[in-house]
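[1] Mind looking at a prediction? Sequence and model below.
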Amino acid sequence: MSEEAQPGIQGSEKDAAVVNIGSNTASSAAPASGPRAGKVKLPSKLGELQMRFQALGLQQRLIVAAALFLFISALIFVTFSGRSKDDYRVLFSSVNERDGAAIVAALQQMNVPYKFTEGGAAILVPESAVYETRLRLAGQGLPKAGNVGFELLENQKMGTSQFVEQVNYQRGLEGELARSISSLAQVKSARVMLAIPKQTAFMREQEKPTASVVVTMHPGRFLDAQQVAAITNLVGSSVPNLGPANVTIVDAEGSLLAPNAQRLMGLDSNQLKYVAELEGALSKRVQAILEPVTGKENVRAQVTVDMDFGELERTEETFGRNSPPNQSSIRSQQSNEAATPGSSASGVPGALTNQPPAPGQAPINAPGGAAAPGGAAANAGPQNLNAPPSSSSSSASNIKKDMTVNYELDRAIERIKSEKGKVRRVSAAVVVNYKQPTGVDKDGKPLKPVPFSAKELDQINNLARDAVGYTEKRGDSVSVANIPFKVEVPDEPAFYKQPGVIELSKEFFKFAIILGSLGIMFFGVVKPLLFPKKVDDALEEQRIEEEFDEKIKAEMAQMDPKLREKRRMEMELLKERQRIAEEEERQRIEEEKKRMEEERHRQEEEKKNEYDSLLKYATDFVAENPKVVSGIFKEWLAADAEKTNNANAAAAAAG
């Protein structure tokens, strides 16, 4: 049993195997690949190119070599023109002096060339050694500077005091905050300092912590108010009991960013921005309503708004009267009554006390007052202390009444807060260009601009007033002027002096060199070799003969008649020989082509016959010996099953 690749099989059967089954006398296919098949042939185009190049003369070959050299030189020039001579890249940037000195010393020990950028802001090394040098320096712990975060707490030693732990925690917190702030695109570096007071057990004596932030921005960048507020809230929210109000932010130039220095001085950028936006909106209103009348770009308007951002808060308390017609209401009432019983002994001790009592008298006739209505002695007026005591007063009791009445008062409390951002005055200035009439005059010249009439200016003034919200009581003013605009010549530098033109010209010059080299290489070398012009052989021969005849005629015109005739005979003989040689060469080439074509057909016929004979033999053998064929297929299946079992066993053992 043998498997041999059979030639002559086309399509998908090219890689199939023909099995010769039988005895030792089984036929074997002849090898398809002979000595010629093992030889590698160049593609037709490449072979033609090689032949044409070999057919070129020395001068033409020099031209091709010069064009190829020019093309390669242009590619090398363009490739390396945009790169620096040394091709250095940044190793580290923004390192301090101590780390910079350590890095330079390490680079000198490693024999790595280096240099500095202008100002010493970065250290540069060759591009091929950037990452390797960076890793080797990192193994030495360089650079050492930088913000230390909470990794400071990872290597705590045994026996560390609580004070040291607190200091390390504060340092780690400061480092983490500085890293967070440095992650902003505008911030180059940041430093955070926290002042956290020691906590006490007395709530009234608790002090709030404070924070200070110093930020260094990249050149040409700055932080706006929103970003400053974001940093303030970030720091204030990261420390307990801190709050944004206790965070101070300073930039590298010493300018105070937070708290807002403008607000502390009475100025607020938000207020100025609001005024500018309001003025711009009013100016656009005026231009938008007047441009349809005057034409586009023929009106200019500027509006100035005087605004009052002061805040005034006043509280008034007013008390009203209770006199009619206002009704009075009792708020509270208090009444006190006291009675003191009389005694048998009365009078002033002394001689008068020993006198006999006076005769009795009726109460109505008693000196010192009359009886009160109702007969109540409590309502009687005060007694006359100088009157002689009577027998009735000695037995009466003393009664005292007090009454206090509080009335409710009418009270009104009024809290007045003035409007913030109140417009105090609006001033608008409007300039209108002359009318720009279209058409020409009698002489064919363009019409000159004419001013607006007084009525039209009044209408424009009214429109401008309504657009800005003119109020006479407020003292607003609107001025409209009709003045011709001056056409200004744009003061721009020449095109070749504008920035960026030189760089653009360099890039354009590079691409022009590449395109020129490609054009010369293609049209001067590649195209003539690969795609030569198809010239009619007869015309070419005729042209050559005419040129040759002209040269011969010029030479023969200067010869002797006998030599001229001899020369003519030699030329005719030479032409005849050339014609015969060309005819023989042409016949030889045609015969060679015909012979090669017949040989190719013969080989194809042999391959086809051989394939048919082998196929017929295999078909007859299978028909005559089916048992042998089935046995062979069984052996194949058994071999495949054994391979599968071995693979499964190996996989199970590996698992």
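    On my side now, so go ahead.

[2] hmm, who's touching stretch 577-586?
    Residues outside stretch 577-586 that contact it (C-beta atoms under 8 Å, 6 or more residues apart in numbering): none. C-beta: built from backbone N, CA, C; applies to glycine.

[3] tell me the mean pLDDT over it?
    Mean per-residue pLDDT for stretch 577-586: 88.

[4] hey, C-alpha coordinates of it in PDB?
    Extracted in PDB, the C-alpha atoms of stretch 577-586 (Å, rounded to 0.1, in the frame of the first residue of the first chain):
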ATOM      1  CA  ARG A 577      22.300  40.300 -44.700                       C
ATOM      2  CA  GLN A 578      20.500  42.000 -41.800                       C
ATOM      3  CA  ARG A 579      17.100  41.300 -43.400                       C
ATOM      4  CA  ILE A 580      18.000  37.700 -43.900                       C
ATOM      5  CA  ALA A 581      19.300  37.400 -40.300                       C
ATOM      6  CA  GLU A 582      16.200  39.000 -38.900                       C
ATOM      7  CA  GLU A 583      14.000  36.700 -41.000                       C
ATOM      8  CA  GLU A 584      15.900  33.700 -39.800                       C
ATOM      9  CA  GLU A 585      15.700  34.900 -36.200                       C
ATOM     10  CA  ARG A 586      11.900  35.400 -36.500                       C
END
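
[5] Next, the buried residues of that stretch.
    Residues of stretch 577-586 include none that count as buried (16 or more other C-beta atoms under 10 Å).

[6] Touching stretch 225-237 from outside, list them.
    177, 180-181, 184, 186, 192, 211, 213, 215, 223, 242-247, 249, 257-258, 260, 269-270.

[7] nope, stretch 413-420 is what I was after
    Against stretch 413-420 from outside (C-beta under 8 Å, 6+ apart): 309-318.

[8] how about the helices in the stretch 351-500 of the chain?
    Assigned by DSSP state H, counting those that start in this stretch, the stretch 351-500 of the chain shows helices spanning 454-468.

[9] Can you pull out the low-pLDDT segments for it?
    For the stretch 351-500 of the chain, the stretches flagged by pLDDT under 70 are 351-397, 488-500.

[10] Out of the contacts of stretch 413-420, list just those in strands.
    With DSSP state E as the criterion, strands contain 313-318 from among the contacts of stretch 413-420.

[11] residues making contact with stretch 62-75?
    53, 56, 513-514, 516-518, 520-521, 524-525.

[12] mind redoing it with 6 Å?
    With contacts defined as C-beta atoms under 6 Å, 6 or more residues apart in numbering, stretch 62-75 is touched by 513, 517, 520-521, 524-525.

[13] could you dump those residues to JSON lines with secondary structure and neighbour count?
    Shown next, in JSON lines, are the contacts of stretch 62-75 (DSSP: H, G, I helix; E, B strand; the rest coil; neighbours: other C-beta atoms under 10 Å):
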{"residue": "I513", "secondary structure": "helix", "neighbour count": "17"}
{"residue": "S517", "secondary structure": "helix", "neighbour count": "20"}
{"residue": "I520", "secondary structure": "helix", "neighbour count": "16"}
{"residue": "M521", "secondary structure": "helix", "neighbour count": "18"}
{"residue": "G524", "secondary structure": "helix", "neighbour count": "14"}
{"residue": "V525", "secondary structure": "helix", "neighbour count": "19"}
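
[14] Out of those, give me the two with the largest separation.
    Across the contacts of stretch 62-75, the longest distance by C-beta to C-beta is 17.0 Å; it joins I513 and V525.

[15] So the most centrally placed residue in the chain: helix, strand or coil?
    What sits nearest the mean C-alpha location of the chain, by C-alpha atoms, centre = their mean, is A185, with 9.6 Å. Three-state assignment for A185 (DSSP: H, G, I helix; E, B strand; the rest coil): coil.

[16] same deal with the one 5 residues further on?
    A190 falls in the strand class when you classify it by three-state DSSP.

[17] Please tell me how far it sits from N96.
    Taking C-beta to C-beta, to the nearest Å as the criterion, A190 is separated from N96 by 15 Å.

[18] Assess the claim that A258 and I249 are in contact.
    Yes - contact status for A258 versus I249: in contact at 4.1 Å, counting by C-beta atoms under 6 Å.

[19] More neighbours: these two, which one.
    Comparing A258 with I249 by other C-beta atoms under 10 Å, the one with more neighbours is I249, at 23 against 19.

[20] That one reaches L257, doesn't it?
    Yes - counting by C-beta under 6 Å, I249 does reach L257; the two are 4.2 Å apart.

[21] Any idea how far apart the tips of stretch 79-87 sit?
    13 Å (C-alpha to C-alpha, to the nearest Å).

[22] What's the mean pLDDT across that stretch?
    For stretch 79-87, the per-residue pLDDT averages 59.

[23] Grab the longest helix from the protein for me.
    helix 561-624 (DSSP state H).

[24] just checking, next helix/strand downstream of it?
    helix 626-654 (DSSP states H and E).

[25] Tell me which residues of that following helix come out buried.
    Buried, per 16+ other C-beta under 10 Å, within helix 626-654: V629.

[26] between it and helix 561-624, how big is the angle?
    Computed by axes from the mean of the first three to the mean of the last three C-alpha atoms, to 10 degrees, the angle separating helix 626-654 from helix 561-624 equals 90 degrees.

[27] Helix, strand, or coil at the closest residue to the residue nearest to the centre of the chain other than its chain neighbours?
    Counting by C-beta to C-beta, 6 or more residues apart in numbering, the nearest residue to A185 once its immediate chain neighbours are dropped is R221, at 7.7 Å. For R221, the secondary structure call by three-state DSSP comes out as coil.

[28] wait, R221 sits on Q186?
    Yes - with contact defined as C-beta under 6 Å, R221 reaches Q186; the gap is 4.3 Å.

[29] residue ranges for the strands of the stretch 301-450 of the chain, please.
    For the stretch 301-450 of the chain, strands defined by DSSP state E, counting those that start in this stretch occupy the ranges 313-320, 329-340, 398-408, 410-417, 422-432.

[30] How many residues are close by R425?
    For R425, using other C-beta under 10 Å, the count is 14.

[31] Thought D306 was touching it, still the case?
    Yes - judged on C-beta under 6 Å, R425 makes contact with D306 at a distance of 4.2 Å.

[32] quick one on the thing from earlier: can you put the contacts of stretch 62-75 in JSON lines and add distance to P446 and pLDDT?
    Formatted as JSON lines, the contacts of stretch 62-75 follow (distance: C-beta to C-beta, whole Å; pLDDT from 0 to 100):
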{"residue": "I513", "distance to P446": "49", "pLDDT": "80"}
{"residue": "S517", "distance to P446": "53", "pLDDT": "75"}
{"residue": "I520", "distance to P446": "53", "pLDDT": "76"}
{"residue": "M521", "distance to P446": "56", "pLDDT": "74"}
{"residue": "G524", "distance to P446": "56", "pLDDT": "70"}
{"residue": "V525", "distance to P446": "60", "pLDDT": "70"}
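
[33] Give me the distance between V192 and K296.
    For V192, the distance to K296 (C-beta to C-beta) stands at 55 Å.

[34] neighbour-wise, which of these two wins?
    A side-by-side neighbour count of V192 and K296, using other C-beta under 10 Å, places V192 first with 25 against 8.
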